[in-house]
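[1] Sequence first, then the predicted structure, then my questions.
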Amino acid sequence: MKWRFPVLGPFAVLALCLFALPIYAQTAAVTTNSAVPHRYDITKEVTLTGTVSNVVKTPTREMKMLPGSHLMLATGSGKLDASLGRFAMRNQGVLAITAGQQVQVTGVVTTVKGQQVFVTRLVQVNGHTYKVRNEHGVAVAPVSGKSNRSAYTNGGQL
Amino acid sequence: MKRGTLLVVLVALCVSGIAGCGGGSIFQPGVKGSDFTFYAIGEDQSAPVYCIAGVVSIANNASKDGTFKVTGGVQDYNNGDTIISPQPSGDTITGGNLSIGSNGTAILTIITNNAAVGVDGTETFIAVFPNSNHALITQFDGSATSSGSIDLQTSKATPSGSFAFTSAGAFSTDGESFAPAAFGGVFTVASGSVSGSVDANIGGTVNRDVAITGVTFTKPNRFGRGTVNGLTSTQSNINYYVVGPEVVRFIDVDSATFDTAVGSAYGQGPNPNFSSGTIGQSVFSFSNAFTGYAAAGQIFTFEDEGTAKPAAKGPVVRDGAPVCSGTSTCLLDAVGDLNELFAENPVQLVQTEFEGSFQVPSNGFGTMTFEEGFGDTANFGIYAVDPTLNILDPNDTTDTLGGALIAEMDDTLIGTGSIVPQSDIVVADFSGNYAGGGQGVSVQFSADEFDFLTLATVTEPGGGFTGLVGVSDPFEVLTDSVILTTDASFTGNAVPSQIAGRYDLNPLALSAPEFDTINMAVGVYQASGQQLFWVETDSNTYFGGSLEQFPGTGGADAKKAKPNATKWQH
């Protein structure tokens, strides 16, 4: 056992003895997972233009794609999986994108689980630019435009 | 339910051994009614985050239909976008009722004068009362889904003294898009004047230790609702609702800005004098549904003597390491479960070891750092609370007391949570009846929020885990249809893992007539038999939340615990 408490250790040992049944062999082992944090590096941003070959609004598990919506693009340098994040399809302009349209995406190329992904921050289509992530790579959701909060004053503070 | 009084109901709970008898019920004979302070945060049909807080007055005598009338109250609702309660009045609560069963499950209906909230102005919440003064709540009317709590209001006075606080929500810095936001800090109130320090994380832009000056609290009204004036932005406007002398809920009600947030402030005791030693062996949890992540785990703390280098392999706890003390930096060894479902590199970690350090000065405004190894998590603010306060259940003065609030201050993770002392990891004490809740997100059908409450029974030996479950899934997240049901159930086994104090609930099977069984991989961390934290670590769904024991039903009293009633109160 890797986790030991000086005072409560005996209870832990007792617990393990009492419940040393086969089913407990199924419990997950202690891991020292060192998943490397991914940081969105805005200095590595590039802007690419491509033709939409497919719009994936909700990828299935079998697709092994990042959660959230995606644009599959055909670019001059090949196919591109442009991850749009969780809230992009709340933008009516993004939601309306269909196969065959030309779009411009701004973001960072990264590799996730062996697959190259374009982490998109901005989507430009039909002359409009839609922000789907912020400068930190955090997925953002659009303000509805139906709000009567017209007196925007640079955000409140708590 | 037969007509009677809430006192009768609670006596029934007590006698049946389902609910605790202690804690000083407010439902006393001769009392016309009682006020409860509530809050919740979640997602509504218009915006990724909405916040709600208020006070609801509930009659003591049952109506002919067996329910207890809502006789009044006031609330604030803010989704940062299309809906905000009018200010300064807020929404007037004009009616409704509480239907509460002898097993502690309940449905609370609140009728307001604001047709924009709930369904034509009426909000419905499901609730589970582990005791008479406190319940977990989830909005359950399809207009929104959320998690929060409702607590007996024991004071209506202006807050006074030193407090630690955290809050979370959604802020817009450009008027076009929302990003998650988290705040934490400490402040002192003297005659209504406030001073202190705050850490802020708005969409990954972090500002630490910003001074709070020139802020005042107005005197609360008859419902214990007051206003916070003088915040840095002239458009900022926050209302507060008193729970008790040391606990206050806050809600951002800016009507001009695209902001929403809700949070809590907890007293730091009459003479705050914290140290790094304030944080001992503990259980932590933090989450944020907008960011899309949750974590829970436990830490062991010890003095940084400069020689206690982390071992590359082997035990995470150093034998003989001196106990942490003083206000300088201390070290921690930790193990935790984490689900960063929406990270740039999604991470699901199960009982994963990592290390870190922390420091708590005398005012309780500290910092904590996780070294690499626990996903993207790294930097936190720590805000120590009164060692006599139960953070989850502020009217409970008997268990799981003290600890600290925490807020994550990383550029890709924005969330809030708590650290509470780990005082009891005896397996047999994780038994009895529990009120539990979870807030999560799934990517199976749509990337939105779902919430649930459960009235669960854990039996020892064996760790059998069964429960009634109310599921709020208005966004078709768990299945491809809207699910609003109180007929769901949990079955599983809480299996002690290699890490003492941790359990696997894998699978935790969620079943209901409306959908096929959903198996979830869940890790549980035991702060005490009375309070535990759980997190789901599946690759397409997560939730984070807590389990709170019904007093008198666990450990040596477990034999008194009755199995769950078969139905949620309607």
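    Perfect, I can see it now.

[2] can you map out the strands along chain A?
    A:46-56, A:69-75, A:78-85, A:102-112, A:115-125, A:128-131, A:141-142 (DSSP state E).

[3] Could you name the helices and strands sitting against the fourth one?
    Under the contact criterion of 3 or more Cβ pairs under 8 Å, 6 or more residues apart in numbering or on different chains; DSSP states H and E, strand A:102-112 touches strand A:46-56, strand A:69-75, strand A:78-85, strand A:115-125. For every residue, glycine as well, the C-beta is placed using N, CA and C.

[4] list the buried ones in the shortest one?
    Going back to what we said before, that points to strand A:69-75. The neighbour-count criterion (16 or more other Cβ atoms under 10 Å in any protein chain shown) identifies A:S69, A:H70, A:L71, A:M72, A:L73 as the buried residues of strand A:69-75.

[5] Who does the first one form a beta bridge with?
    Beta-bridge partners of A:S69, counted by DSSP bridges, are A:G85.

[6] gap between it and B:D429?
    Applying Cβ to Cβ, to the nearest Å, the value for A:S69 to B:D429 is 45 Å.

[7] Switch the strands of chain A over to JSON lines, and while doing so, append mean pLDDT to every line.
    Listed next are those as JSON lines, based on pLDDT from 0 to 100:
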{"stretch": "strand A:46-56", "mean pLDDT": "96"}
{"stretch": "strand A:69-75", "mean pLDDT": "96"}
{"stretch": "strand A:78-85", "mean pLDDT": "95"}
{"stretch": "strand A:102-112", "mean pLDDT": "94"}
{"stretch": "strand A:115-125", "mean pLDDT": "95"}
{"stretch": "strand A:128-131", "mean pLDDT": "96"}
{"stretch": "strand A:141-142", "mean pLDDT": "96"}
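
[8] Tell me which of those sits most buried.
    Mean neighbour count (mean count of other Cβ atoms under 10 Å in any protein chain shown) peaks for strand A:141-142 among the strands of chain A, with a mean of 24.

[9] That one near chain B anywhere?
    Yes - under the criterion of Cβ under 8 Å from any Cβ of the partner chain, chain B is reached by strand A:141-142 at A:A141, A:P142.

[10] what residues does that strand touch?
    Outside strand A:141-142, the residues that touch it by Cβ atoms under 8 Å, 6 or more residues apart in numbering or on different chains are A:R86, A:F87, A:R90, A:N91, A:Y130, B:A47, B:P48, B:A170, B:E176, B:S177, B:F178, B:F290.

[11] Please list only the buried members of those residues.
    For the contacts of strand A:141-142, buried by 16+ other Cβ under 10 Å: A:R86, A:F87, A:R90, A:N91, A:Y130, B:A47, B:P48, B:A170, B:S177, B:F178, B:F290.

[12] B:T479 and chain A, how far apart?
    Separation of B:T479 from chain A (Cβ to the nearest Cβ, to the nearest Å) stands at 13 Å.

[13] my read is that residue is in a strand, agree?
    No - according to DSSP: H, G, I helix; E, B strand; the rest coil, B:T479 belongs to no strand; its state is coil.

[14] From the contacts of strand A:141-142, pick the one nearest B:G523.
    Closest to B:G523 out of the contacts of strand A:141-142 is B:F290 (22.3 Å), distances taken as Cβ to Cβ.

[15] Regarding that closest one, what is its secondary structure?
    Secondary structure, three-state DSSP: B:F290 is coil.

[16] Surely it and B:A170 touch.
    Yes - using Cβ atoms under 8 Å, B:F290 is in contact with B:A170, at 5.9 Å.

[17] Now the common contact residues for the two.
    By Cβ under 8 Å, 6+ apart, the residues touching both B:F290 and B:A170 are A:A141, B:P48, B:V49, B:F178, B:P180.

[18] still on that earlier bit, of all the strands of chain A, which one is nearest B:D516?
    Closest to B:D516 of these is strand A:46-56 (Cβ to Cβ; 24.2 Å).

[19] The closest one vs strand A:78-85, what angle?
    Strand A:46-56 runs at 80 degrees relative to strand A:78-85, counting by axes from the mean of the first three to the mean of the last three Cα atoms, to 10 degrees.

[20] List every C-alpha atom in strand A:46-56, with coordinates, as CSV.
    The C-alpha trace of strand A:46-56 is given here as CSV (Å, rounded to 0.1, in the frame of the first residue of the first chain):
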residue,chain,number,x,y,z
VAL,A,46,-1.5,30.1,-37.4
THR,A,47,-4.4,30.9,-39.7
LEU,A,48,-5.5,28.4,-42.3
THR,A,49,-8.0,28.4,-45.1
GLY,A,50,-9.9,25.3,-46.1
THR,A,51,-13.0,23.8,-47.5
VAL,A,52,-15.4,22.1,-45.1
SER,A,53,-15.6,18.4,-46.0
ASN,A,54,-17.7,17.5,-42.9
VAL,A,55,-19.2,19.1,-39.8
VAL,A,56,-19.1,16.9,-36.7
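
[21] quick one: strands adjacent to it?
    Applying DSSP bridges to the sheet, strand A:46-56 is found paired with strand A:69-75 (antiparallel), strand A:102-112 (antiparallel).

[22] I'd like those as CSV, with distance to B:L547 appended.
    Shown next, in CSV, are those (distance: least, Cβ to Cβ, whole Å):
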stretch, distance to B:L547
strand A:69-75, 34
strand A:102-112, 33
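
[23] quick one: which of those is nearest B:Q75?
    Among the strands paired with strand A:46-56, strand A:69-75 comes nearest to B:Q75, with 34.5 Å by Cβ to Cβ.

[24] Would you mind getting the angle between the closest one and strand A:115-125?
    Using the same axes, to 10 degrees: strand A:69-75 against strand A:115-125 is 90 degrees.

[25] List of residues touching strand A:69-75?
    Here strand A:69-75 makes contact (Cβ under 8 Å, 6+ apart) with A:48-59, A:79-86, A:88-89, A:94, A:97, A:103, A:105, A:120, A:123.
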